[in-house]
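Peer 1: quick one: sequence and predicted model below, then my questions.
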Amino acid sequence: MAAPQDWQANHDAAPFTLTLQVRDYECDFQGIVNHAVYLHYLEHARHEFAKQRGLNVVALAQQGLNLVIIRAELDYKSPLRNGDEFSVSVWAERYSRARLRFHQQITRAPAGQLCMQAQLTVAAMNARGRPCWSDQLECIFATASPERDSQPTRPAAATAAPPPKQHE
């Protein structure tokens, strides 16, 4: 897997970054964050990233457009422990006609030590499970702005959007 830093160097968009803190119940008997919990951190950051870009994934699903993870590549580098503050960064690219690829990394604050890097491939599917694309997804690839691509202070409001185009 190419390092997110390499990917970012070749693209205009700055990463979206969300700061979180490890909660005690997310740790296993070894005192480190359970490996499966990292997927929750990544998903939460992707959803916040989408909201900041003006995309409501729940509304899309209600309209019959689902974003489905079809591949997840995770490289664990250093464990997080109870109470650690960390950041989850997200970059996105259009991967193919109906696929996106999210590049993500988790770094421990305050030094920025890399704890995980991940690439998740997501397929856009219509209600019948067929690949499709909607122009509504283009906002994910818009050039970033510092005001928009920082940790949200409150949840973005849900907005109604027209139904996605169904391509088969």
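Peer 2: Arrived safely, thanks for sending.
Peer 1: hey, let's count contacts and neighbours off CA atoms from now on
Peer 2: Noted.
Peer 1: for this structure, longest helix please?
Peer 2: helix 37-52 (DSSP state H).
Peer 1: list the buried ones in the following helix or strand past it?
Peer 2: The helix or strand immediately downstream of helix 37-52 is helix 57-62, counting by DSSP states H and E. Neighbour counts over helix 57-62 (16 or more other Cα atoms under 10 Å) mark 57, 59-61 as buried.
Peer 1: and if you look at stretch 41-56?
Peer 2: Quick answer for stretch 41-56 (16+ other Cα under 10 Å): 41-42, 45-46, 48-56.
Peer 1: looking at these, which is nearest F141?
Peer 2: Distances from F141 to the buried residues of stretch 41-56, taken as Cα to Cα, are shortest for R53 (8.6 Å).
Peer 1: can you dump the C-alpha coordinates of stretch 127-134 into PDB?
Peer 2: Provided in PDB are the C-alpha atoms of stretch 127-134 (Å, rounded to 0.1, in the frame of the first residue of the first chain):
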ATOM      1  CA  ALA A 127     -30.800  -0.400  -4.800                       C
ATOM      2  CA  ARG A 128     -30.500  -3.500  -7.000                       C
ATOM      3  CA  GLY A 129     -26.800  -3.900  -6.100                       C
ATOM      4  CA  ARG A 130     -25.600  -2.700  -9.500                       C
ATOM      5  CA  PRO A 131     -22.700  -0.300  -9.900                       C
ATOM      6  CA  CYS A 132     -23.800   3.300 -10.500                       C
ATOM      7  CA  TRP A 133     -22.500   6.800 -10.000                       C
ATOM      8  CA  SER A 134     -24.200  10.000  -8.900                       C
END
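Peer 1: distance from the chain centre to that stretch, please.
Peer 2: Its chain's average C-alpha position is 20 Å from that of stretch 127-134, according to Cα atoms, centre = their mean, to the nearest Å.
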